[in-house]
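Undergrad: Here is my input; please provide its structure:
(chains A and B)
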Amino acid sequence: ETGVTQTPRHLVMGMTNKKSLKCEQHLGHNAMYWYKQSAKKPLELMFVYNFKEQTENNSVPSRFSPECPNSSHLFLHLHTLQPEDSALYLCASSQDLQVWGPGELFFGEGSRLTVL
Amino acid sequence: AQSVTQLGSHVSVSEGALVLLRCNYSSSVPPYLFWYVQYPNQGLQLLLKYTTGATLVKGINGFEAEFKKSETSFHLTKPSAHMSDAAEYFCAVSSTGRRALTFGSGTRLQVQP
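TA: Below is the predicted model of the structure:
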C-alpha cells in the first residue's frame, strides 16, 4: 500500500451533483490536510485535521464539507459546485501538526475534479 | 504572516547544465523551509528541508539548497540537469506555531536534450 491514497483520481460532475473525494493514509500519522491546486496559483490550504478534530478551515465555501472519521481517513464532500472549483485536490498527512516542529507532509496523487 | 515567492513560473535548461530555481520567503519568526517536486499526474514529494543548523541542505536526486537569512532566500540548485528532472518544483515555508505549510506558485522546469 502506498503512503497516501486518494480516490477517485478523476471526477467529472455537474453543478447539481453530490460527490465525495476519499483519502486514506497508511503511515500512522495524526494530522491530515486538504489542499486545492489550481493552474498558475499557489497550493491553497483548505482544511486541517488533527486526531480527527478540525483545527483549521481556511475560509472554504460551505459547498465543500470535510469529514474525518478517524486519523487514517479523510473525506471531502462536494455539492452544488461551480466551474471555478475545477482543480486538483490534494490530500496530505503528517506525523503531527506543524506547530510541533518542521514535519514533512506526505501527499497523495490527487483527485482531478472537473465541474461542468 | 508568511509568504513565498518563486521567481519564474517556467525555467528551461539544457541537459547537463546548472539548475537554479529561486525562492524568497517572508516570515516574522525563524522559518522552516522546504522544496517539493511534482511529476506529472502525481502528488508532491519532498526534495529537501531546512530546519536549523547547517545552511546548505542536500536532498534527493542531487539537489541542494542554501538558506540565506540576510537575503530571505532558499534557492534550489543542481550542478547538472537530467531529463528526468523535468517537473514542477514548489518552495514552502512554515514555522513553529503554524499549522501547515505555505507554498509558492511553483516553477516548471523543462530540460532540453
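Undergrad: can you pull the contacts of residue 84?
TA: I went with chain A, as the question did not name one. With contact taken as Cβ atoms under 8 Å, 6 or more residues apart in numbering or on different chains, residue A:84 is in contact with residue A:115. Heads up, the C-betas are built off the backbone N, CA and C, glycines and all.
Undergrad: Let me rephrase: I mean chain B.
TA: residue B:61.
Undergrad: distance of it from chain A?
TA: Distance, residue B:84 to chain A, using Cβ to the nearest Cβ, to the nearest Å: 18 Å.
Undergrad: my read is that residue is in a helix, agree?
TA: Yes. Under DSSP: H, G, I helix; E, B strand; the rest coil, residue B:84 falls within a helix.
Undergrad: Show me where chain B has its strands.
TA: Along chain B, counting by DSSP state E, strands occupy B:3-5, B:10-14, B:19-21, B:24-26, B:32-38, B:44-50, B:56-58, B:64-68, B:73-78, B:87-94, B:102-103, B:107-112.
Undergrad: Can you lay out these as JSON lines showing mean pLDDT and mean neighbour count?
TA: Formatted as JSON lines, the strands of chain B follow (pLDDT from 0 to 100; neighbours: other Cβ atoms under 10 Å in any protein chain shown):
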{"stretch": "strand B:3-5", "mean pLDDT": "91", "mean neighbour count": "17"}
{"stretch": "strand B:10-14", "mean pLDDT": "97", "mean neighbour count": "14"}
{"stretch": "strand B:19-21", "mean pLDDT": "98", "mean neighbour count": "18"}
{"stretch": "strand B:24-26", "mean pLDDT": "93", "mean neighbour count": "17"}
{"stretch": "strand B:32-38", "mean pLDDT": "94", "mean neighbour count": "24"}
{"stretch": "strand B:44-50", "mean pLDDT": "93", "mean neighbour count": "20"}
{"stretch": "strand B:56-58", "mean pLDDT": "95", "mean neighbour count": "14"}
{"stretch": "strand B:64-68", "mean pLDDT": "96", "mean neighbour count": "18"}
{"stretch": "strand B:73-78", "mean pLDDT": "98", "mean neighbour count": "21"}
{"stretch": "strand B:87-94", "mean pLDDT": "93", "mean neighbour count": "24"}
{"stretch": "strand B:102-103", "mean pLDDT": "88", "mean neighbour count": "22"}
{"stretch": "strand B:107-112", "mean pLDDT": "96", "mean neighbour count": "17"}
